[in-house]
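In: Dropping the sequence and predicted coords here.
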Amino acid sequence: MRKSRRSFTKEAKREPYELDLDTPTEDGIEFVVFGDPNRLGSESAFDLSIMNPGEIFELLLSPEHYKAWWAEWRTVPIEETNALLDDIMTHYGAHPGKLRR
């Protein structure tokens with residue numbers, strides 16, 4: 001049996017994970033959108049298990065959204081930031097150690 005990469009292509013079926021910011025940015029960003037870790041390229045997805053949370057947030061956010069998110073969240077207690085990351089991963093079904101689908 002012969003297959004191609006298209007045999008394994010799946011359409012994203014999850015709603016995007018959006019986080020409201022307490023203070024909109026000067027350029028009007030009111031919320032940030034976290035990307036689906038399951039939709040990352042293989043190299044980046046494989047690296048998730050060895051990345052620190054800061055690197056993961058950079059990977060899941062666009063540069064503009066990361067800047068807006070970091071401006072607000074850099075002084076938040078780490079337990080809240082870890083809870084956010086856990087909630088994002090749960091939303092997308094991408095917990096560490098779980099096969100990414």
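Out: Done, it's in.

In: can you tell me the average pLDDT over the lengthiest helix in the chain?
Out: Within the chain, and with DSSP state H defining each element, the longest helix by residue count is helix 78-92. When pLDDT is averaged over helix 78-92, the result is 93.

In: just stretch 21-40 next, same as before
Out: Per-residue confidence for stretch 21-40 averages out to 92 on the pLDDT scale.

In: Tell me which residue is most central in the protein.
Out: residue 60 (3.3 Å; C-alpha atoms, centre = their mean).

In: Mind pulling up the pLDDT for that residue?
Out: On the pLDDT scale, residue 60 is placed at 95.

In: ok, it - contacts?
Out: The neighbourhood of residue 60, defined by C-beta atoms under 8 Å, 6 or more residues apart in numbering, consists of 34-35, 37, 88. The C-beta positions use only the backbone N, C-alpha and C, and glycine is treated the same way.

In: For the residues you listed, which single residue is the most surrounded?
Out: In terms of neighbour count, residue 34 stands highest of those at 25 neighbours, by other C-beta atoms under 10 Å.

In: could you measure that residue against residue 48, distance?
Out: Between residue 34 and residue 48 the distance, using C-beta to C-beta, to the nearest Å, works out to 13 Å.

In: In three-state terms, label residue 32 for me.
Out: The three-state label for residue 32, taken from DSSP: H, G, I helix; E, B strand; the rest coil, comes out as strand.

In: next one: residue 59
Out: Of the three states, residue 59 takes helix according to three-state DSSP.
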